[in-house]
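[1] With the sequence up front, the predicted model follows.
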Amino acid sequence: MGVVRGLLLLLCLGGLYAPAASASMPSSGVTADYIIIEKSKRRLTLLSKGKVLKSYPVSLGRNPVGTKIREGDDRTPEGVYKIDYRLDNSRYHRALRISYPSARDRERARKLGVPPGGNIMIHGIGQARERIEGLHLLFDWTNGCIAVTDQEIEEIWRLTPVGTIVNIIP
């Protein structure tokens, strides 16, 4: 782990690594009505009435290419979902559950004879901090979720009510 942290430090000092640019925090009273997660860019963007509120760099499932097919494949799903539950005290600090699996996801899994999986969330780092602190953007480490820092999930939490549309694209 020391070598990886040293490499990260060199990258940061050398200007080769920089988190995604983002707008400043929106004024109070504004909420997101749409979230777009661009897997290939490792970016989550909050929008309100078509305007970008803020973007965040993310980590994805350990097997990020392609859509989630079955439980245990470590893939982040692709498709249009909603935030359907807010978990205030998760292992990963706070979490917003995504409505995966959709009827389409369940049907695909049924045809393949596999369970579709579930509990896909946008979450912080929480207890995983001991293993990955400062490194969470260098690799994909979740079981299919979308991970941001604890500070970032606090902002996302404040801006994102249940029912917010989540569009996850390749």
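    That came through fine.

[2] make it CA atoms for all contacts and neighbour counts henceforth
    Noted.

[3] Could you identify the longest strand within this structure?
    Using DSSP state E to define each element, the chain has its longest strand at strand 79-90.

[4] where does the chain have low pLDDT?
    1-28, 129-131, 133-134 (pLDDT under 70).

[5] quick one, strands of it?
    34-38, 43-48, 51-57, 79-90, 93-98, 121-123, 146-147, 165-169.

[6] so which of those gets nearest N63?
    strand 146-147 (12.3 Å; Cα to Cα).

[7] So P64 is in contact with V58, correct?
    No - checked against Cα atoms under 8 Å, the pair P64 and V58 is beyond contact range at 11.7 Å.

[8] Between those two, which has more neighbouring residues?
    V58 (28 against 24; other Cα atoms under 10 Å).

[9] measure that one to R110 for me?
    30 Å (Cα to Cα, to the nearest Å).

[10] and if you look at K54?
    K54 is 37 Å from R110, by Cα to Cα.

[11] Same check on S90?
    30 Å.

[12] just to revisit the earlier point, in terms of neighbours, single out the busier of K54 and R110.
    Set K54 next to R110 and count neighbours by other Cα under 10 Å: K54 wins out with 21 against 13.

[13] partners of that one in the sheet?
    L46 (DSSP bridges).

[14] Number of residues surrounding D88?
    Count around D88 with other Cα under 10 Å applied: 12.

[15] List the contacts of the nearest residue to I165 once chain neighbours are set aside.
    Distances taken as Cα to Cα, 6 or more residues apart in numbering put K82 closest to I165, at 4.4 Å, once the chain neighbours are dropped. Neighbour list for K82: 98-99, 162-166 [criterion: Cα atoms under 8 Å, 6 or more residues apart in numbering].

[16] any idea which of these is the one closest to H136?
    Nearest member of the contacts of K82 to H136, counting by Cα to Cα, is I98, at 20.7 Å.

[17] isn't the closest one right next to V80, touching?
    No - using Cα under 8 Å, I98 is not in contact with V80, being 9.6 Å away.

[18] roughly how far apart are the residue most central in space within the chain and V30?
    Centroid check for the chain by Cα atoms, centre = their mean gives I146 as the closest residue, at 2.1 Å. Using Cα to Cα, I146 is found at 23 Å from V30.

[19] end-to-end on stretch 157-170?
    Rule used - Cα to Cα; the end-to-end distance of stretch 157-170 is 24 Å.

[20] Thanks a lot, catch you later.
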